[in-house]
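K.L.:
Fold the stuff below for me.
(one chain, ligands or ions: 1)
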Amino acid sequence: MAPHPSTLLEPHTPPAVTTEPHVIVRGEGLTVWDREGRSYLDATSGMLCTNLGYSQPRLVRAAARQMAELPFFASFAHRTSDVALALADDLARLAPLPMGRTFFANSGAEANDSAFKLAWYYHQCLGRHDRFKILSQERGYHGTTVAAGSATGLDFIHRGFGLPLPSYIQVPCPDPHSALRQGLTEDDFVDRLVDHLERLIAAEGPDTIAAFIAEPILGAGGVIIPPSTYYPRVQEVLARHDILFILDEVVTGFGRTGAMFATTEFDLSPDLITVAKGLSSAYAPISAVLVGRRIMNTIADGSRAIGAFGHGFTYSGHPVAAAVAREALAIVVEEDIPGHVRETAPALMKALADAFHGKDFVRDVRGHGFLAAVTFLTGSGGRQEGEWGSQVMAKAVARGLLVRAVGDTIIVAPPLISTAEQIETMVALLENAYRSAL
Ligand code: PLP
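P.N.:
Numbers count the residues shown, from 1 in each chain. Below is the predicted model:
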């Protein structure tokens, strides 16, 4: 076998690949450049995270200032940095739930792992020593660590790793398209999903289940927008059994849906919210768990008996990442990024509908805010499963557009600073890619 051309073990890449990786060297605004000098409009926002575009000068300055002032100090054993405290205060002001406190981690997966441990700790504090099971959704995405990966409902994250761990249980995906396929009305579909959840809880025993985790809109699973009655009904079932509701706003937090948080927009009341990506617009790795007041009060009381919350990372609340996040949040608020997304999202949906709705081999077009998708009919036009997605994505890249394929779905998630004209250019490139694939 030919040797791999680099010493980098690349994430989500077969180690057997021997071709050169595509190397990006520079970014500005919505555009990145590769080593060969070709430019690409980034309709993926990095990985749904560079919400404020590349090379935002305020974020660069905030990082440099903090590097010079205090590049690092660990938050450990009741000693922390001023900037970690200040970021927690910023989040407490913005948070869409009655706030307790914020816990910092470095990635979305770590935030979700931390949320599971907070849920376990909460139940321990109440003397519930058997509540360890975590419920999640098929096709939900929560990261790839052993715990978050167990909650993720995608086979390629589990295969070969012995995941999910036995205490992680997945419920059916609330994909409105499966209702259509089964000939169900949306109400009947939601009734079935809720009934399934109720029966699952009864069969497992409510006293064995710690939490349920879900995304408001399933992103990496292919932009799946659950029926509007689904989460309110699920929430009601969870509350009845005091199964904590963890809302994973790693993608949706800080403006992507056209609101600061999808929690507010969809009128949800989670117990814990996890955020990452847009928190620093991806300029520095940082994530957080927003811990609701009720949970916080219980664990503060309970910790008197059971001791320290034995969890944390060297880089929890890293000063440089925290300073960058503070500046990113300031920009999101000052420039009313959620408002811009709300106003501009109809242009994204119109451009996608004009380009793809009713076209050959297209199953549907859908979206909410700046999180949209086109799904091709699997197996149509002589293609194998996933071929439409990979072919259209490759043609788009050749035309200078970065999009992400999940099976036969192409995800379009522009940076939140994109104008309607820039979005129309992105969609025109995507349509051109599709036509050339026909
Ligand atoms: N949660 C959601 C909804 C995500 O989309 C992702 C990543 O794409 C994660 C969690 C995991 O984040 P990370 O890759 O930073 O661990």
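K.L.:
residue in the stretch 1-150 of the chain nearest to the ligand?
P.N.:
Nearest residue of the stretch 1-150 of the chain to the ligand (CB to the nearest ligand atom) works out as Gly108 at 2.2 Å. Using the backbone N, CA and C atoms, a C-beta is placed for each residue, glycine as well.
K.L.:
Okay, and Thr314 sits in which element?
P.N.:
Applying DSSP states H and E as the criterion places Thr314 outside every helix and strand.
K.L.:
need the residues of the stretch 151-300 of the chain near the ligand, please.
P.N.:
Applying CB under 6 Å from any ligand atom, we find that the stretch 151-300 of the chain lies next to the ligand at 215, 219-220, 248, 250-251, 276.
K.L.:
Out of those, name the ones that lie in strands.
P.N.:
The strands, defined by DSSP state E, take in Asp248 from these.
K.L.:
For the ligand, state which of the residues of the stretch 151-300 of the chain next to the ligand is nearest.
P.N.:
Among those, and counting by CB to the nearest ligand atom, the member closest to the ligand is Val250, at 3.5 Å.
K.L.:
The closest one against Ser287, yeah?
P.N.:
Yes - using CB atoms under 8 Å, Val250 makes contact with Ser287 at a distance of 7.2 Å.
K.L.:
shared neighbours of the two, which are they?
P.N.:
Residues touching both Val250 and Ser287 (CB atoms under 8 Å, 6 or more residues apart in numbering) are 108, 111, 274-276.
K.L.:
check whether stretch 137-144 contacts the ligand.
P.N.:
Yes - counting by CB under 6 Å from any ligand atom, the ligand has neighbours in stretch 137-144: 141-143.
K.L.:
are any of these buried, and which?
P.N.:
The neighbour count (16 or more other CB atoms under 10 Å) marks 141-143 as buried among the residues of stretch 137-144 next to the ligand.
K.L.:
center of the protein - which residue?
P.N.:
Residue closest to the average C-alpha location in the chain (CA atoms, centre = their mean): Val251, at 3.2 Å.
K.L.:
still on that earlier bit, most neighbours of all the residues of the stretch 151-300 of the chain next to the ligand, which one?
P.N.:
For these, neighbours were counted by other CB atoms under 10 Å; the highest total belongs to Asp248, with 31 neighbours.
K.L.:
May I ask which two of the shared contacts of Val250 and Ser287 are separated the most?
P.N.:
The most widely separated members of the shared contacts of Val250 and Ser287, counting by CB to CB, are Gly108 and Val275 (8.3 Å).
K.L.:
Can you check which residues contact both of these two?
P.N.:
Overlap of the contact sets of Gly108 and Val275 (by CB under 8 Å, 6+ apart) consists of 250, 287.
K.L.:
Glu431 - how many residues pack around it?
P.N.:
Residues near Glu431, counting by other CB under 10 Å, number 19.
K.L.:
give me the low-pLDDT residue ranges for the chain?
P.N.:
1-2 (pLDDT under 70).
K.L.:
List the buried residues of stretch 200-214.
P.N.:
Buried-residue list, stretch 200-214, by 16+ other CB under 10 Å: 200-201, 209-214.
K.L.:
What are the contacting residues of that stretch?
P.N.:
Stretch 200-214 is contacted from outside by 112, 115-116, 119-120, 122-123, 128, 130-137, 140, 142, 151, 169, 171, 231, 234, 237-238, 241, 243-248, 271-272, using CB under 8 Å, 6+ apart.
K.L.:
rerun that using 6 Å as the cut-off
P.N.:
With contact meaning CB atoms under 6 Å, 6 or more residues apart in numbering, stretch 200-214 is reached by 119-120, 123, 130-137, 140, 151, 238, 241, 243-246, 248.
K.L.:
go on, stretch 357-376?
P.N.:
217, 223, 225, 256-258, 341, 345, 348-349, 352-353, 356, 377, 380-381, 388, 408-414, 416.
K.L.:
likewise stretch 31-46?
P.N.:
Identification of contacts with stretch 31-46 by CB under 6 Å, 6+ apart yields 23-26, 30, 282, 400-404, 412-415, 426.
K.L.:
Mind checking which of these are in strands?
P.N.:
24-26, 401-402, 404, 412.
K.L.:
Could you export stretch 128-139 as CSV, CA atoms only?
P.N.:
Output of stretch 128-139 as CSV, limited to C-alpha atoms (Å, rounded to 0.1, in the frame of the first residue of the first chain):
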residue,chain,number,x,y,z
ARG,A,128,-31.6,8.0,43.5
HIS,A,129,-28.7,5.6,43.1
ASP,A,130,-30.0,3.6,40.1
ARG,A,131,-30.6,6.5,37.7
PHE,A,132,-27.9,6.0,35.0
LYS,A,133,-29.7,5.4,31.7
ILE,A,134,-29.6,8.1,29.1
LEU,A,135,-32.2,8.4,26.3
SER,A,136,-31.5,10.0,23.0
GLN,A,137,-32.8,9.9,19.4
GLU,A,138,-31.9,7.8,16.4
ARG,A,139,-30.0,10.2,14.0
